[in-house]
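Novice: The sequence and its predicted three-dimensional model are supplied below.
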Amino acid sequence: MNGFDIPVRSAAELGAALASLRKKKGLTQTKLAKLAMVRQSTISDFENGLKGNISTLFKLLVALAGEFHLRQRGVPINENRLDFMQMIGGLTSSASNNGVYRGKKKQSECP
């Protein structure tokens with residue numbers, strides 16, 4: 001497997017995970033900063049668990065070709081996905097929405 005899955009439960013662990021992914025991709029903090037259109041000091045702050053905001057986190061994830069998954073600790077991934085699908089009312093997988101939940105049910109699913 002080329003990827004990795006790192007549990008993150010604190011700002012320090014998030015920073016370490018971002019640094020690990022950056023290094024795995026062969027990027028310096030300066031190069032990642034250019035790709036994410038942020039300052040190098042922002043990368044350093046994130047990697048050291050000092051500060052950061054959610055929008056910057058997603059800029060970094062996009063630049064690193066990473067993604068964010070949130071799941072309940074100790075529950076298998078498939079169970080979390082099923083619970084989430086039930087919570088939001090299920091996803092439709094038609095070609096028109098490429099399987100992305102858009103907040104509405106298909107006409108056939110409405111009462």
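Specialist: Perfect, I can see it now.

Novice: quick check: longest helix of this protein.
Specialist: helix 11-24 (DSSP state H).

Novice: Show me where the protein has its strands.
Specialist: Assigned by DSSP state E, the strands in the chain number zero.

Novice: So, low pLDDT: which residues of it?
Specialist: Low-confidence segments of the chain (pLDDT under 70): 1-4, 76-111.

Novice: Show me how this structure divides into domains.
Specialist: If you go by automatic domain parsing, the domain ranges for the chain are 11-63, 77-109.

Novice: Name all residues that make contact with residue 48.
Specialist: Residues near residue 48 by C-beta atoms under 8 Å, 6 or more residues apart in numbering: 12, 15. Placement of C-beta: from N, CA and C, glycine included.

Novice: again but with residue 7, I slipped
Specialist: Here residue 7 is in contact with 13, 73 (criterion: C-beta under 8 Å, 6+ apart).

Novice: If you count neighbours, what's buried in the longest helix of the chain?
Specialist: Within helix 11-24, the residues scored as buried using 16 or more other C-beta atoms under 10 Å are 14, 15, 16, 17, 18, 19, 21, 22.

Novice: isn't the fourth one right next to residue 8, touching?
Specialist: Yes: counting by C-beta atoms under 8 Å, residue 8 is a contact partner of residue 17 at 5.5 Å.
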